[in-house]
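Participant: build me a model from this:
(one chain, ligands or ions: 4)
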Amino acid sequence: MKQLKDILYKVHIEAVHGATDITISKIEFDSRKIELNDVFVAIRGTLSDGHDYIEKALSLGAVAVICEEFPSVIVNGVTYIKVKDANEALAFLAANYYENPSENIRLVGVTGTNGKTTIASLLYQLFKKAGYKVGLLSTVKIMVDEQEFKATHTTPDSLTINKFLDLMIQEGCEFCFMEVSSHGVHQKRTEALRFEGGVFTNLSHDHLDYHNTFAEYRDVKKSFFDNLPKSAFAITNIDDKNGLVMLQNTKAKKLTYALKSYADYKAQILENQLSGLLLKINDNEVWVKLIGSFNAYNLLAIYGVAVELGIEKVEALRLLSELESVSGRFQFIVSDSKITAIVDYAHTPDALENVLKTIDDIRTKNEQLITVVGCGGDRDKTKRPIMAHIASSMSDKAIFTSDNPRTENPETIIEEMEKGVEPQNFKKTVSILDRKQAIKTACQLANPNDIILIAGKGHETYQEINGVRHDFDDLQIVTELLQQLNK
Ligand SMILES: CC(=O)N[C@H]1[C@@H](OP(=O)(O)OP(=O)(O)OC[C@H]2O[C@@H](n3ccc(=O)[nH]c3=O)[C@H](O)[C@@H]2O)O[C@H](CO)[C@@H](O)[C@@H]1O[C@H](C)C(=O)N[C@@H](C)C(=O)N[C@H](CCC(=O)O)C(=O)O
Ligand SMILES: Nc1ncnc2c1ncn2[C@@H]1O[C@H](COP(=O)(O)OP(=O)(O)OP(=O)(O)O)[C@@H](O)[C@H]1O
Ligand SMILES: N[C@H](CCC[C@H](N)C(=O)O)C(=O)O
Ligand SMILES: [Mg+2]
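Facilitator: Ligands and ions are numbered 1, 2, ... in the order given. Here you go, the predicted model:
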């Protein structure tokens, strides 16, 4: 049994009311989960304020409250601790509670707008193939070596992170690869973790609904590198214009990777086909099964991390050539009549442009390229017209449809997308609200050898409408439809 004082190490305490040598059971930041003898951390959120739930937490048995402001009614026998930043406090409380698991596992964080899931998941795959027990915290799933858990976030809350790191250590994992989202950094979810390495992929337009400006979004990402210790390594993509900015103030060992500039880890694309990429990495040629120049960046980052973590260079290249693509990232099927349907998680302008460019590079141009795309509700609205512009200008036909409308009216989202279409592209576009109908239309329009891109949802197996997640799987649906239509 732990005492409250045991988990306060490094918590920036401003004032204490009550005893700290009390026995506690567990930590919760959601009053609804409080049980007898728990510690309740009151967090000011984006929708509500945890301070409003202190009474509720006490009624359910909380014995201690961590808060940014003492409540007006102080209950006898309860310990109140005032902190400056409750999110930060939660991160330290969680790490202390699980006895700082990040110090006992070799933890690498991947941040940037696109490529986090790809890099983290492929690092997991690579180190598994190298014979290690490995952990993974990603958008798609959480892995504790072979055990799979459902992921709800790209970067989970600090309690969940530390709980899984602890489990990974119990299961003998030596490495853990995790995605570090800008929300995660901003909400201090990764604050109390000790990273051995950090990777920066790229920075482009996303989440400008949450972060007020692009500069704020960039600086949040940068703060992840600012906080790395001297013993860590930080590897950055210097072909991205913010690549070097990320490392400006880090104490970690600075490393670079690039396709276009001089760098510690440098690659050249020798061939780019639907069957894979032929890369020259630091003077060695290697065939990989992944497609598209953006994946050359991802693979180079993976190679750099593998080498920095001690995998011999030749072995790292051999393992690189064995990696299989990540679910929902450029996954494709070829139908009986040779129609290629590609499902990709591209949900930002930059990712969509990259995927379309990749398809354009590998196609012969005799086929039509039909793109089905939507934009998520309750997310950055400014990306909607831009994505529609990209889809309509880079495809032969573009079908706009719904992608997780959440609490928004899907028709309005599509109308906002349509505003980005230039007049000369009007005739190439059509809007079909129902995603299944949109995919069906794409299949009907497709002739043998044509390419259908279904963008935005990748691995997701649901369509979220008004808080309810309905079963929906792009890859399964397009496969079935092409079969039904005898295509
Ligand atoms: C906008 C956002 O990031 N919200 C996250 C945030 O919630 P919040 O602060 O807004 O919570 P809130 O609802 O305002 O409540 C405030 C506090 O009151 C508490 N509360 C609330 C009600 C109650 O009855 N009792 C109670 O105690 C809540 O538990 C919370 O502690 O903190 C919660 C706990 O960590 C997260 O689950 C939640 O993620 C929401 C669900 C979410 O959708 N987040 C997305 C945007 C996100 O984080 N995405 C990134 C990836 C983005 C990307 O790069 O693509 C991610 O890392 O997943
Ligand atoms: N290095 C890259 N540069 C640009 N685009 C990329 C890169 N890697 C992947 N993409 C594109 O972005 C999409 C999302 O990739 P991935 O899931 O790896 O990114 P992510 O950073 O994890 O995204 P999220 O923030 O949603 O978790 C892919 O489906 C692909 O289209
Ligand atoms: N991590 C991203 C995923 C977006 C995926 C897209 N399908 C959507 O729902 O907008 C987000 O939550 O913004
Ligand atoms: Mg991800």
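
Participant: contacts and neighbour counts: CA atoms only from here.
Facilitator: OK.

Participant: quick check: L193 is in a strand.
Facilitator: No. Assigned with DSSP: H, G, I helix; E, B strand; the rest coil, L193 falls outside any strand and is coil.

Participant: center of the chain, which residue is that?
Facilitator: T154 (4.2 Å; CA atoms, centre = their mean).

Participant: please name the nearest non-neighbouring residue to that residue.
Facilitator: T139 (4.0 Å; CA to CA, 6 or more residues apart in numbering).

Participant: what's the local residue count around the closest residue in space to A341 that isn't next to it in sequence?
Facilitator: Take A341 and drop its neighbours on the chain: the residue closest to it by CA to CA, 6+ apart is I452, 4.6 Å away. When neighbours are counted by other CA atoms under 10 Å, I452 registers 26.

Participant: so what pairs up with I452 in the strands?
Facilitator: A341, I370 (DSSP bridges).

Participant: pull up the gap between it and K440, please.
Facilitator: The spacing between I452 and K440, counted by CA to CA, to the nearest Å, is 11 Å.

Participant: got the contact list for G77?
Facilitator: 18, 63 (CA atoms under 8 Å, 6 or more residues apart in numbering).

Participant: same for the longest helix that the chain contains, what does it pack against?
Facilitator: The longest helix of the chain (DSSP state H) is helix 293-308. When contacts are defined as 3 or more CA pairs under 8 Å, 6 or more residues apart in numbering; DSSP states H and E, helix 293-308 sits against helix 116-129, strand 233-237, strand 253-258, strand 265-273, strand 276-281, helix 313-322.

Participant: quick one, which of these gets closest to D403.
Facilitator: Closest of the helices and strands packed on helix 293-308 to D403 is helix 116-129, at 19.4 Å (criterion: CA to CA).

Participant: the closest one close to ligand 1?
Facilitator: No. Shown here: helix 116-129 not in contact with ligand 1 (CA under 6 Å from any ligand atom), separated by at least 8.7 Å.

Participant: what angle separates that helix from helix 313-322?
Facilitator: With axes from the mean of the first three to the mean of the last three CA atoms, to 10 degrees applied, the angle from helix 116-129 to helix 313-322 works out at 120 degrees.

Participant: need the contact partners of helix 116-129.
Facilitator: 109-110, 133-140, 176-180, 201, 298-299, 301-302, 306, 319-320, 323-326, 329.

Participant: apart from its chain neighbours, what residue comes closest to N249?
Facilitator: D226 (5.5 Å).

Participant: so the one you found sits right up against L247, yeah?
Facilitator: Yes. Assessed by CA atoms under 8 Å, D226 is found in contact with L247 at 7.4 Å.

Participant: settle it for me: which of these two has more neighbours?
Facilitator: L247 (23 against 18).

Participant: contacting residues around the residue in the chain that ligand 3 sits nearest to?
Facilitator: Across the chain, no residue is closer to ligand 3 than G376, which sits at 3.4 Å (CA to the nearest ligand atom). G376 sits next to 402-406 when contact means CA under 8 Å, 6+ apart.

Participant: 6 Å - rerun?
Facilitator: Neighbour list for G376: 403-405 [criterion: CA atoms under 6 Å, 6 or more residues apart in numbering].

Participant: over to I22?
Facilitator: Residues in contact with I22 (CA under 6 Å, 6+ apart) are 3-4.

Participant: from ligand 4, how far off is it?
Facilitator: As for I22, its distance to ligand 4 is 40 Å (criterion: CA to the ion, to the nearest Å).

Participant: can you check I119 too?
Facilitator: On the measure of CA to the ion, I119 and ligand 4 end up 9 Å apart.

Participant: how many neighbours does that residue have?
Facilitator: I119: 30 neighbours (other CA under 10 Å).

Participant: same thing with E322?
Facilitator: Neighbours of E322 (other CA under 10 Å): 15.

Participant: start the count at 497, not 1, going forward
Facilitator: Fine by me, first position is 497 from now on; the one you just mentioned is E818.

Participant: distance check, it against L775.
Facilitator: For E818, the distance to L775 - CA to CA - is 14 Å.

Participant: could I get the helices and strands packed on helix 789-804 in JSON lines, plus columns for mean pLDDT?
Facilitator: As requested, the helices and strands packed on helix 789-804 are exported to JSON lines (pLDDT from 0 to 100):
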{"stretch": "helix 612-625", "mean pLDDT": "98"}
{"stretch": "strand 729-733", "mean pLDDT": "98"}
{"stretch": "strand 749-754", "mean pLDDT": "98"}
{"stretch": "strand 761-769", "mean pLDDT": "94"}
{"stretch": "strand 772-777", "mean pLDDT": "95"}
{"stretch": "helix 809-818", "mean pLDDT": "97"}
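
Participant: could I get the phi/psi values of the residue of the chain positioned farthest from its centre?
Facilitator: Farthest-out residue of the chain from its mean C-alpha position, per CA atoms, centre = their mean: N572, at 43.7 Å. Backbone torsions for N572, taken as degrees, to the nearest 10, come to phi -60, psi 140.

Participant: please apply the same query to the one 10 residues further on.
Facilitator: With angles defined as degrees, to the nearest 10, A582 sits at phi -70, psi -30.

Participant: and for E524?
Facilitator: Per-residue torsions, E524: phi -140, psi 150 (degrees, to the nearest 10).

Participant: can you tell me the element the residue nearest to it when sequence neighbours are not counted falls in?
Facilitator: The spatial neighbour of E524 that comes closest, neighbours along the chain excluded (CA to CA, 6+ apart), is F536 at 5.2 Å. For F536, the element it lies in under DSSP states H and E is strand 535-537.

Participant: ok, then the element right after that strand?
Facilitator: Next element after strand 535-537 (DSSP H and E): helix 550-555.

Participant: sec struct for H955, please.
Facilitator: Relying on three-state DSSP, one would call H955 coil.

Participant: so it makes contact with G824?
Facilitator: Yes. Counting by CA atoms under 6 Å, H955 touches G824, with 4.2 Å between them.

Participant: of those two, which one has the most company?
Facilitator: A direct count of neighbours by other CA under 10 Å for H955 and G824 places G824 higher, at 23 against 19.

Participant: quick check: residues of the stretch 597-746 of the chain near ligand 1?
Facilitator: When proximity is defined by CA under 6 Å from any ligand atom, the stretch 597-746 of the chain lies next to ligand 1 at 649-651, 653, 677-680.

Participant: quick one on the thing from earlier: looking at the contacts of G872, which are in helices?
Facilitator: Going by DSSP H, the helices hold none of the contacts of G872.

Participant: got those as JSON lines, with distance to ligand 4 columns?
Facilitator: Below are those laid out as JSON lines (distance: CA to the ion, whole Å):
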{"residue": "D899", "distance to ligand 4": "17"}
{"residue": "N900", "distance to ligand 4": "16"}
{"residue": "P901", "distance to ligand 4": "19"}
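
Participant: closest to R685 among the residues you listed?
Facilitator: For those, the nearest to R685 is N900 (25.1 Å; CA to CA).

Participant: burial count for the closest one?
Facilitator: By other CA under 10 Å, 26 other residues sit near N900.

Participant: what's it in contact with, if anything?
Facilitator: Contacts of N900 (CA under 6 Å, 6+ apart): 872, 959-960.

Participant: separation between it and D548?
Facilitator: Counting by CA to CA - N900 and D548 are separated by 30 Å.

Participant: cool, and G873?
Facilitator: Where D548 is concerned, G873 sits at a distance of 28 Å (CA to CA).

Participant: which one's more surrounded, those two?
Facilitator: Taking neighbours as other CA under 10 Å, G873 and D548 compare with G873 leading, 21 against 14.
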